[in-house]
Each structure stands twice: as C-alpha cells, then as structure tokens.
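**Q** model the following, please.
(4 chains)
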There are 4 protein chains.
Amino acid sequence: MTKVPVGILGATGAVGQRFVQLLADHPWFEIAALGASDRSAGIRYSERRWVLQPDMPEAVRDMELRLGEPENFSDCRVIFSATPNDVAARVESEFAAAGYFVFTNAGPHRMDSDVPLMVTDVNPEHARLIRVQQKLRGWDGFIVANANCTATHLTAALKPLDDAFGLEKVFVVSMQAVSGAGYPGVPTMDITDNVIPYIGNEENKLEEEPHKMLGRLDGDHIEPADFILSAHCNRVHVLDGHTECVSVALRRKATPEEAAEALRSYRSLPQEMGLPSAPDPCIVVRDEPDRPQTRLDRMTGNGMATVIGRLRPDPILDLKFVLLGHNTIRGAAGGSVLNAELLLKQGYLKPA
Amino acid sequence: MTKVPVGILGATGAVGQRFVQLLADHPWFEIAALGASDRSAGIRYSERRWVLQPDMPEAVRDMELRLGEPENFSDCRVIFSATPNDVAARVESEFAAAGYFVFTNAGPHRMDSDVPLMVTDVNPEHARLIRVQQKLRGWDGFIVANANCTATHLTAALKPLDDAFGLEKVFVVSMQAVSGAGYPGVPTMDITDNVIPYIGNEENKLEEEPHKMLGRLDGDHIEPADFILSAHCNRVHVLDGHTECVSVALRRKATPEEAAEALRSYRSLPQEMGLPSAPDPCIVVRDEPDRPQTRLDRMTGNGMATVIGRLRPDPILDLKFVLLGHNTIRGAAGGSVLNAELLLKQGYLKPA
Amino acid sequence: MTKVPVGILGATGAVGQRFVQLLADHPWFEIAALGASDRSAGIRYSERRWVLQPDMPEAVRDMELRLGEPENFSDCRVIFSATPNDVAARVESEFAAAGYFVFTNAGPHRMDSDVPLMVTDVNPEHARLIRVQQKLRGWDGFIVANANCTATHLTAALKPLDDAFGLEKVFVVSMQAVSGAGYPGVPTMDITDNVIPYIGNEENKLEEEPHKMLGRLDGDHIEPADFILSAHCNRVHVLDGHTECVSVALRRKATPEEAAEALRSYRSLPQEMGLPSAPDPCIVVRDEPDRPQTRLDRMTGNGMATVIGRLRPDPILDLKFVLLGHNTIRGAAGGSVLNAELLLKQGYLKPA
Amino acid sequence: MTKVPVGILGATGAVGQRFVQLLADHPWFEIAALGASDRSAGIRYSERRWVLQPDMPEAVRDMELRLGEPENFSDCRVIFSATPNDVAARVESEFAAAGYFVFTNAGPHRMDSDVPLMVTDVNPEHARLIRVQQKLRGWDGFIVANANCTATHLTAALKPLDDAFGLEKVFVVSMQAVSGAGYPGVPTMDITDNVIPYIGNEENKLEEEPHKMLGRLDGDHIEPADFILSAHCNRVHVLDGHTECVSVALRRKATPEEAAEALRSYRSLPQEMGLPSAPDPCIVVRDEPDRPQTRLDRMTGNGMATVIGRLRPDPILDLKFVLLGHNTIRGAAGGSVLNAELLLKQGYLKPA
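**A** Residues are numbered from 1 along each chain as shown, chains lettered A, B, ... in the order given. The predicted structure is shown next:
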C-alpha cells in the first residue's frame, strides 16, 4: 500500500511537533511537507528547536519549511493543522477550498455547524457532516476538527455513561499540564510551587464542546446533547497530562460498579476497525484508590487512552470519579491523526 | 502583662514547628516546654531537623525535649498539640483530665460531640461547649480542636455566604500542598510532574467537619448545619497553600457581586477584639481574573486569611469561585493559636 | 532629610521590579519616575504584570510609565537602570551625558575601563574611577555598574580570601536560578525535571568580571587581579538564588578554619558606614554539613549577604566550598542600590 | 537456549525494581526469585508499591517475596543484589560462600581488594580478579560489584581520555537526581525550589572508586590509577539522571576535537560481543551548545550510555565538559546486568 502524503501546518510549534512525531513512522501516512509562518519558511526543520523526546525524527530534519499556503502543498492531499488560532480561520478555509482534506487542532472552526468536531471513539458518525459542509461551502476538500484537549478526554469518559444511563449534569474541575499552553508557554516563574486557577477561554470551550460531540447528527446539523456542564479550569505544575475531577448526575441511576462496567466495556468504530492509532481499550478503568496519576498513567495506550479511577457515589449528584488523558497526544495531534485514519478507511480521502 | 507559659506537644513535627514559630514572639504566650515522643525526649530541640524558614528561633534552640506526658508540663497551663493522631486520642485526654487547656490540631477529638471544633472567625460561640465537656468528663482542663486544613478555609469562605444567603449544596475540589502531609511527608518521586488524586481520609473530613462548624450550639450539643457537601481531594506539587474550586447552591439567590460583598464585609469576634493573630479582614476577595494563586497569595494576612477569587455564576448550582488558604498556618497551628487567644481573652484559661 | 528623587529605567522587567521593591520604602531615596520602552510608555505601572511577592507597592501603582529618555526624567538626579542590554549602551550614556548619576545592572558598560564595576563590600575604592570617567567623557553625570549576579557573589567570597592569602586559581561551577533569565524567561517545559548545562555568555562574564573587581585602582585605570578562573554555568530548577561550588588555590596556604575566620571577620566600608542596605555581616559562614541551601538561605541578610558553607580541603587546589547568593537582590537591583547609598554618603551625588 | 534463573535481593526498593524491570524480558536471564527483608517476606510482590513506569511487569506480580537468605534461593545460580548497605556486607558474603554468583549494587564490597568493581565498558579485564577472590576466600561463588552511580558515568567518560592522553587531574561537580536516594528518599519539602550541596559519603566514593576502575590488574590485585580527583556533590530537583561538570588535566595535551574523537570512537568488549544490554556507542558526544540535558538525554542508549557535551578548553586544567548518565539504569541495576551478561558469555557463571 502506498502511503498517503500529508502536510503539517504549524509544524514548528509544540502540537505541530507532536504531529511530526506521530506521523514519522505512520503505516498509512507519510510526511511530505512541513508548513510554517513566513518567519520560518525556507529554513530546514532541524534549525527550529525541538521540544519533545526523543530527538527529532531523522527523516524530517532536512525538510525545508514551506510557507503555509495552499499552493505550496500540492504534493499532499491531507493536511494536519496546528496553526495558531489567529490565522487558522482563514488559512484552513483556503486549504479546504483548494481541495485539501484538513484535520485541525485549531479552535476557530470547531463550533461551525457544518464542521465535524470529532473524538473518533465518541462520535465517528459525525463524519457524515462533511458532505453537508462540502455542499454548503462548495468545497472539494473539507475541515474536520479535533476537540479541545480537556474536552476530548471528558467527552470520552462521558460517552459510555451517556449511552448507558443518560447524562443530566456534569461538574468538572481540571488540573492541566503546562504543555497545553504550547512552547515557550508557561514561564517557570509562574507555575513553580503554584496553582493558577485560570486558563483563558478554557472553561467556555469545556462547557460547550462536549454538547456538540455528544449530540445527534440530524440531517444537516448536530442536535446538541441535553445536559448541563459546569467547569473550573486550573493550571498545575505537570508537563503533560490533564487530570479532571468529575461528578455526574445520570437520568437512570447507576452504581459505581455499573458505571465502571459501562466504561470498561465501551468499544467503538476505531477499535472494531483496528485503526493503527486506536487505543484498545479506549477507556482504562483503574481500581487502585490513588490512580490515575498524571506522570504514571498519561502514556496509557500510547497516550491515546482515557484513564479513569476512583468511581464512587457523589452526595450531590450521583457519581464522582477522576480521569486523566494526555493533552498533546490524544488531546491534540493524536486525536486528529485518528480522525484521519477513520476517514481514510471510510473513503473520505479520495480526490473528487 | 505576664505571658502565659505554654507547652507544645509533638514539637519536632512540621505542625509542631509552626506552633514554635508562631509562639516564639507571641505577645501573650511564652513557650515554656516542648514535648516529643520517647525517641526524642531528653535531647536539645536544635538537634532535630528544622523544616521551616527562617531558621529555628534562638530562644528554643537549647530547650530540652520532654516526653509528652502531663507530669512533665507542670510549668504550663496551656498546651498546643501537634501530636500524631495515633497517640493524640489518649494523650490529649490525659492532659485535659490533669487540668491542662489543650488546643489541638490532631484529628481524634474533632468530631466528639462535646469538643468545640473551632475556626475562630467562624464559630467563636462554640467555645461554650467547653463547659459541657468539663461537666460531662469531670475535667478541670479541656480540649478545643482546630479543623482539618482544607475544611478550615472552606468553612471560612462558606460562613458569610451561609449567613447572608443560606447554604444548600457545596461542591469542592481541592489541590493541596505537600506540607499537609507533614515531614518527611510526600516523596519527591511521587509528586514531581504529577497530581495524586487521592489523600487518605481527607474527603471524609472535608465532607464532615464544615457541618459541625457551621452548626448551631443548642444547649449541650451542636446541631449540624443542613446542607450537602461533595469533595474531591488532590495532592499537587506546591509546598504550602491549599487551593479549592468551589460551587455552591444558595437558599436565597445571590449575584457574584452580592456574594463578594458578603464575603468582603464579613467580620467576626477576633477582628472586633483585635486578637493578635486575627487577620483583618479575615477574607480577602480579589478581582483579578487569575487570582488567588498559591505562591503569590498564601501569605495574605500573615497566612491567617482566606483568599477568594473568580466569583461567577455556576450553570448547575448558583455560584462558583476559587479559594486559597495557608494550610500549616491558618489551617493548622495558627488556627489553634487564634482559638487560644480568644479563650484567654474570654477568661477560659484560668485555673479552676 | 529630604529624600533623593530617583528614576528607574526598565521598570517593568523582573530586575526593574526589584528596584521598585527595594526603593519603595527606602530611607534615602524616593521613586519619582518609572521608565519603560515605547510599548509601555504612557500607561499606568499597575497595568503591567508584577512578578514579585508581595504585591506591587501601593505608592507606584498609579505612576505613569515614561519613555526612557533623559528629557523625561528631569525631576530625578539619580537613575537606576534595568534597561535591556541592547538599548542600555546608548541610553545610559545619554543619561550620564545629560548629568544623571546612573547605577546600572545592564552589561554593556561593565568592562569599560573608566566605569567602576562595583560590589560595594568588595571594591568601594573603585568609585574614584568616576572622576576619570567624567573627565574623559566630558560628563557631569556618570555610570556605575553592578556586576553579573553570579560574579557578584563569587567575588564577594573571594575578596577576603584574596586579602588574607592571595588568590592563584579559582574553579567554579554554578547552579543558577531561573529568575536570572528575567520574565517570562525560562519556559517550564525547559527546566522541569531538568538541568540545562549552559547559559549564553555567562561563563565569559563570570571568568572576566571578578578580575576587574578584585583589581587595584592605579591612577586612571584598574589593574586586573592576577589569578586564573575557570567556570561552568548551569541552569537548575530554583526560582531565586545562585549556588556555586568553588575550589581555590591560594598563594599562602590556609586551613579551612583559617579561611572561615577570614570570611567571617570580613567587614568593609558599607558595614562601617552603616549603609541602610548593607548586610552585616556581608558574608555568613555556616557550619552545618548541608548548608547553604538555596530556598532556606537565599534571604540571609535580606538577600544582600553571601552565604558560604562546606569549607574543606581540595585535593587538587587548596580549599573547596559552596556559596549561595540571591541573584536578583544582591546580584542585581540590590547591588546597585547599595552602590548608590555609598556614593550618596561620599558626596558623589551632588549636582555639578 | 535455556534462560539462566536469577534471584533479586532487595527487590522491593527502587534499585531492586530496576533490576526487575530490566530482567523481566531479558533474553538470557529469567527472574526466578525475589528477595526481601523479613518485613516483606511471604507477601506477593504486587502488594509492594511499584515506583517505576510503566506498571510492574505481569510475570512478577504474583511472585511471593522470599527472605533474603541463601537457602531460599536454591533455584537460582545468579543473584542480583540491591540489598541495603547495612545488611549487604554479611548477606552477600553468605550467598557467595554458598556458591552463588552475586552481582551487587551495594557499597560494602566495592573497595575490597579482591572484588572486581566493574563498569563493563571500562574494565572488563578486572573480571579475572574473581579467581583471586574465590581462591582467597575459599568460595565457589563470587561477588562482582558495579560502581557508585556518579562514579560509573564519570569513569566511563574518563576511560577513553585516559587511554588516549593519560589523566593527571580531574575536577568534578555533580548535580544528582533524587532517585539516587532510593524510595521514599528525598522529601518534596527538601528539594523543591532548592539545591542541596551535600550528599552523605558521596564525595568520598566519587573520589575513590574511579582510581580502582581505571587501575591495572596486576596479578592478584588492582594497581590504582595515578591521578588526582576532586569532587563536589549536589542534589538537584530532577527525578533521574546525574549531570557532572568535569575539568581534566591530561598528560599529553589534546584539543577538544581530539578529545571528542577519542570519546566518540571508544568501543569495548561489550560492544564487540554484542551483549544484549550494551549501549553502542557507549559514549555519545553531542555538538549542540546546550546538551546533554537531563530530561532530554538520560534515556540515550536505553539509559545505558554516557552522554557528553560542551567539550572546550579549560583555563586552569586542559579541557572541560559536561556529562550525563542515568543513575538507576546504567548507574545501578543496568550496570550489574551488563556485568552479568559479560561473565555469562565468558563462562564465569558455570557451577563449580
């Protein structure tokens, strides 16, 4: 099988580097082009600071960074975008209009009514919104977004509970990693020996996106899921991995054991199709009283799984638990890669 | 005015050292004796590792540690106890039975129905339970407990809201400092780049103690306050200062502005009496979007105040906010010192 | 006594804020003006992020930031400069030419042959170089520099040894705080769970500046001190305080006890004159086997002292020891404030 | 090939767990028995806290811990010992006397004149000392020690320089990880925002062991290498990985480029024999100005290599550089595993 050539926009940033890392040895995709802003365009990728471990993959070191405009990516069909929000709105539309299949981690298009906002294990059927989008906008290409990192793992945990018992209310407090702010991101002087109880615009996204993802595709739009969500977001001193304390009220009462069983047994299309990046299981429930822990568990399922623990009754709502997920793998680049794997398999990535 | 001689039990531990630090230059109390287990008794205090800054006060360096039994503290009337829980139950009772006035940070007696559990600014009137205790147990002395560190600051923040609007439900997620586990406490290998979503027995205390403290003294007992509380407790990588994300449902609806006003204007007996350790104000409300922050704000009011920020509507309950308080000052030793100041002023510390 | 009005250039940066903090309640100086780049000029100081604790002093919150040019500071005689290096060269000369007395923490002028590079306790007599500078450059004002933060404390420790025994060789390895890189400075992702064994241009400064400071004023120039210095500089995960492991070869052999005595007994002009910011003693020698420690000891002498420990024989050179000093207090802003106190007292700060 | 059954003493500690991790899937060895103190003997291994990532290998979870005495390990021939120093002296001798081949990370026997102290890449020929030991002590078994973690990597770096140019003087300052102190080890309250410039007894070992390892086997003893070494040891806030700043004087002068070439081209018996745990290359020289960095580079060669950077002239001695190595892999358990691989291949592990 010939690999599908892909381009990565915003390749020099922290999420862009995760795309590079996850795609460097991908069985189906092959990195053909790396995009950057005009500040970096024209220089070799290895001249930019690499912030991940292990070292930058050999294969991309000598690739020349291209200015992130559609005409420079004609050797690719598929685009992964880690473009900063302030340019993503324009640039991603231009790529899609030019026939590219754009998988984006950026925020601007996430809540567009005709853009699928997909956590592949949660709402693979939302992919059908692509045809609405293409028709509406007259595009041969399309845009598919992955969700906010914190919303991704929360929604992954809520989906089996919603399926089995019906969600009514969700209370969530996040403790988020510094890598969520990109690189250079959070100054050491700000987070050492500290908690910052605020992340700009994060609570909005976290209160909004899960409703779309858990919503029902109804013809040409998504009917948002009907539950209430309240979020507090905090930055804590961890490098990678967002932890979330969650309490839920369910429409049909469930014991912690029943909820654990619903979470443990959840499987979705990516697992059934055996997609290369699909975690299996996609949800790991731990029984120890003090897990998941960020550093110990964030790489579960190669950073693609959501880890849940401490399921117990909640005195106000019904159940409470803690969840953990990797924010720059499943919560960002890895989420889009898995979306692309599904759509490739489902035939969406063929030229018009 | 002659200072009241006091003894400190468990003086070598982290909380014991805070007692030493807070009492070394106290205007009303004077450290006369330092207690320890038989492992340390007989040696000089300076031979034990001091874990606070600045250095150990000169005045106590050469004091000989005494075995923590009543007969060794006859030159004191007042005892501050940082005794480990497993010995506190027995030892503190023995001291009280022997006529000592015991102010304890330990857990065993906190929920005894005849022991005042006091955050001085919140429920100074509970002191009257002392007479019930003395009568019931036939003691000349007494035991007064300060609350769990996390419960202390939560209750301090809830009190003005309860007074003004009536509490119905409280949801709280804590992010707690390592000093809460004493010294040596949390291993570096456990907390670096990590969140531990569990602290043994902490959620129980946090869900239980505020009801007693916000309860009403009714003759010979406390009628617990009538609201529901749900808690998640986490350990994060900060040295001192517990942060809590709180959502509340109120019986009488209030805007964030009205709640802020109720919190800001709250004053209590310690402020009115001008007690030396009383923070004034006891609650500080900050307007910045990203405060309170642990390292920046934990020393507000010399570590005796509770700092609140981000008051805003909650989609599920009514209001949400974040609070911060110093866990080993107001949340432990400082809480007991302030209790003792009140009771000294009110005449409770006179020999029978 | 009327306070001397002073201006602070680069007041919004980390070192500029230290100047503000140290001068806000100074007995001799009074902040009259705060300077900034054109990006900040015209706005109120409180609109800029304050990175120190405690909160920004009330007195400066409403001061309007002025563009850092001489014509905007006519109500000041004395200027403290925390200007970034790339503009300091030009701007500081313009201020001095315009008659201002400039005390700078910036690098460009430090090694100018007619600019005193002063650690006040070490080489107060170098102040006389001011007259050479004024004559040579035709200035009414002048520039006096404090040294690099790491060099400051190293030189403070070497001076008494040089006086007593004569320095021949110095080997130093530094472990430096992130605040040395200013704000936002070192990204959390770079330093958490990490050591960075490199700080740009730092080893050069550390190998060079001590020779000038320990040199002898010979008429119109400084004759550099004659010893060899080798430095390795590292960034470690501490907020404030540089630790340095030092080995020295002496011209006249000395035991660790003799060296300790030389260090402990060292006093200089600032101590004799009782300057308000002078630490007394300026060097603190600790006897514990594991001190000084960064977090525990950096505030010794209000952050103005140099703390030394672990004096012992060195198998290759003669003695080894560890030293610690606060990098943004004594090693930066505080160093210049103390220089200014000396020169005020000595009459250098009178208008021509 | 049938795997050689091995036992691990001190299996519950941090280094014992590294032995378990490295041997769980080893191609030549198979874990047959896990030893512990009488406090843990009799319980399942999974009941003890596992401090490494990823989770405890499945194969050992249900193994019952055995009291660490020779009679309990009769199904093993080879013993890896992570026994605490205070019992290692007695216990390891008893095992060797009973015919076991003991590879120890413990300290007591390291400097015994008839015990090989081996960093496999450095001094594989010292293995011949085993026969002296067996003859002298009348043992069928033997003890072979790996070196102190800091000494291991220092010696690995010095060996090629000594071979090529002759060592004369070595100056080293270490910045060591908390995992070097085992688990629970260093309290969070001790190392956060701090450097501890002292590690008990570490400087002695670091100044002593390299002389033995770089020494020449002369009949029945090792003639220590003839150079002077001076060490400062510091604890810094990193989890794993010791960084060392080194300056060396050489008998034959060399440029940084010549030294780099000598280091890069160094190969030894483990590489030639293709031992399973042998890093190849065993020394990695990096050219970037700011590498090696602890978190980024400690896993080089699966944690078995020594990484060197910043080779440059030293003004006092000849050259300076920085080195990094993993302290609990190559510097502890991995070092002994590699020793055992060599001796198995060389036929030392056959029953008498």
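**Q** distance between stretch A:182-196 and the chain's centre?
**A** Relative to the centre of its chain, stretch A:182-196 is centred 23 Å away, using Cα atoms, centre = their mean, to the nearest Å.
**Q** correction: the previous question concerned stretch A:293-303.
**A** Stretch A:293-303 sits 16 Å away from the centroid of its parent chain (Cα atoms, centre = their mean).
**Q** strands along the stretch 201-350 of chain A, start to end?
**A** Ranges of strands within the stretch 201-350 of chain A are A:216-218, A:221-223, A:228-235, A:242-250, A:283-285, A:306-313, A:319-325, based on DSSP state E, counting those that start in this stretch.
**Q** what does the stretch 101-250 of chain A put close to chain C?
**A** For the stretch 101-250 of chain A, the contact set with chain C under Cβ under 8 Å from any Cβ of the partner chain comprises A:178-179, A:183-193, A:237, A:239. The C-beta positions use only the backbone N, C-alpha and C, and glycine is treated the same way.
**Q** which pair of those spans the longest distance?
**A** Farthest apart among these by Cβ to Cβ are A:Tyr183 and A:Asp193. That separation is 21.5 Å.
**Q** quick check: domain ranges of chain A?
**A** Here the domain assignment for chain A is A:4-148+A:333-345, A:149-326, based on automatic domain parsing.
**Q** can the last one be found next to chain B?
**A** Yes: in this structure, domain A:149-326 sits against chain B according to Cβ under 8 Å from any Cβ; the contacting residues are A:169, A:171, A:173, A:175, A:192-198, A:207, A:228-230, A:232, A:234, A:236-239, A:243, A:245, A:247, A:289-296, A:309-310, A:314-317, A:320, A:322.
**Q** likewise for the shortest one?
**A** No: on the criterion Cβ under 8 Å from any Cβ, domain A:4-148+A:333-345 is out of touch with chain B, staying 13.0 Å away.
**Q** for A:Leu214, give its distance to chain B.
**A** A:Leu214 is 16 Å from chain B, where distance means Cβ to the nearest Cβ, to the nearest Å.
**Q** swap in A:Asn204?
**A** From A:Asn204 to chain B the distance is 11 Å (Cβ to the nearest Cβ).
**Q** then A:Ala106?
**A** Computed as Cβ to the nearest Cβ, the A:Ala106 to chain B distance reads 24 Å.
**Q** same deal with A:Leu342?
**A** 31 Å.
**Q** same thing with A:Ala59?
**A** Applying Cβ to the nearest Cβ, the value for A:Ala59 to chain B is 29 Å.
**Q** name the SS class of that residue, please.
**A** State at A:Ala59, reduced to three classes by DSSP: H, G, I helix; E, B strand; the rest coil: helix.
**Q** returning to that earlier point: for D:Glu58, find the nearest of the strands of the stretch 201-350 of chain A.
**A** With Cβ to Cβ, the closest approach to D:Glu58 among these belongs to strand A:283-285: 15.2 Å.
**Q** can you tell if the closest one touches chain D?
**A** No: Strand A:283-285 does not reach chain D (Cβ under 8 Å from any Cβ); its nearest approach is 10.9 Å.
**Q** please convert the strands of the stretch 201-350 of chain A to TSV, extending it with mean pLDDT and mean neighbour count.
**A** Conversion of these to TSV gives the following (pLDDT from 0 to 100; neighbours: other Cβ atoms under 10 Å in any protein chain shown):
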stretch	mean pLDDT	mean neighbour count
strand A:216-218	96	12
strand A:221-223	96	16
strand A:228-235	98	23
strand A:242-250	98	26
strand A:283-285	98	23
strand A:306-313	98	22
strand A:319-325	98	27
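**Q** contacting residues for A:Asp55?
**A** If a contact means Cβ atoms under 8 Å, 6 or more residues apart in numbering or on different chains, then A:Asp55 has no contacts.
**Q** quick one: pLDDT of it?
**A** Note for A:Asp55: predicted pLDDT of 93.
**Q** next one: A:Gly42
**A** At A:Gly42, the predicted lDDT confidence score is 95.
**Q** rewinding a little: make a PyMOL selection of the buried ones in the residues of domain A:149-326 next to chain B.
**A** With 16 or more other Cβ atoms under 10 Å in any protein chain shown as the burial test, the buried ones among the residues of domain A:149-326 next to chain B are selected in PyMOL as follows:
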select buried, chain A and resi 169+171+173+175+192+193+194+195+196+197+198+207+229+230+232+234+236+237+238+239+243+245+247+290+291+292+293+294+295+296+309+310+314+316+317+320+322
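**Q** so which of the residues of domain A:149-326 next to chain B belong to helices?
**A** Among the residues of domain A:149-326 next to chain B, DSSP state H puts A:Glu207, A:Thr294, A:Arg295, A:Leu296 in helices.
**Q** between all of those residues, which two are separated the most?
**A** Farthest-apart pair in these is A:Glu207 and A:Leu296; separation 28.9 Å (Cβ to Cβ).
**Q** and chain D, which of the residues of domain A:149-326 next to chain B reach it?
**A** Residues of these in contact with chain D (Cβ under 8 Å from any Cβ): A:Thr192, A:Asp193, A:Arg295, A:Leu296.
**Q** surely A:Lys205 and A:Gly107 touch.
**A** Yes: A:Lys205 is in contact with A:Gly107 according to Cβ atoms under 8 Å; the separation is 7.3 Å.
**Q** which intervals of the stretch 251-352 of chain A have sub-threshold pLDDT?
**A** Within the stretch 251-352 of chain A, the segments meeting pLDDT under 70 span A:352.
**Q** mind checking how far the residue of it found nearest chain C is from D:Val60?
**A** Nearest to chain C, among the residues of the stretch 251-352 of chain A, is A:Arg295, at 9.3 Å (Cβ to the nearest Cβ). Distance of A:Arg295 to D:Val60, given as Cβ to Cβ, to the nearest Å: 22 Å.
**Q** for A:Gly107, same thing?
**A** In terms of Cβ to Cβ, A:Gly107 sits 46 Å off from D:Val60.
**Q** returning to what we had before: find residues that contact each of A:Lys205 and A:Gly107.
**A** With Cβ under 8 Å, 6+ apart, A:Lys205 and A:Gly107 have common neighbours A:Asn148.
**Q** mind listing the helices for the stretch 1-150 of chain A?
**A** With helices called from DSSP state H, counting those that start in this stretch, the stretch 1-150 of chain A shows them at A:14-23, A:58-61, A:85-97, A:129-137, A:149-165.
**Q** CA atoms of the last one as PDB?
**A** Backbone C-alpha positions of helix A:149-165 (Å, rounded to 0.1, in the frame of the first residue of the first chain) are rendered in PDB as follows:
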ATOM      1  CA  CYS A 149      -7.700  18.700  25.000                       C
ATOM      2  CA  THR A 150      -9.600  18.900  28.200                       C
ATOM      3  CA  ALA A 151     -13.000  18.400  26.400                       C
ATOM      4  CA  THR A 152     -11.600  15.400  24.500                       C
ATOM      5  CA  HIS A 153     -11.000  13.300  27.500                       C
ATOM      6  CA  LEU A 154     -14.000  14.500  29.400                       C
ATOM      7  CA  THR A 155     -16.200  13.600  26.500                       C
ATOM      8  CA  ALA A 156     -14.500  10.200  26.000                       C
ATOM      9  CA  ALA A 157     -15.400   9.400  29.600                       C
ATOM     10  CA  LEU A 158     -19.000  10.800  29.400                       C
ATOM     11  CA  LYS A 159     -19.900   8.900  26.200                       C
ATOM     12  CA  PRO A 160     -20.300   5.400  27.700                       C
ATOM     13  CA  LEU A 161     -22.100   6.900  30.700                       C
ATOM     14  CA  ASP A 162     -24.500   8.800  28.400                       C
ATOM     15  CA  ASP A 163     -25.100   5.800  26.300                       C
ATOM     16  CA  ALA A 164     -25.900   3.600  29.300                       C
ATOM     17  CA  PHE A 165     -27.600   5.900  31.700                       C
END
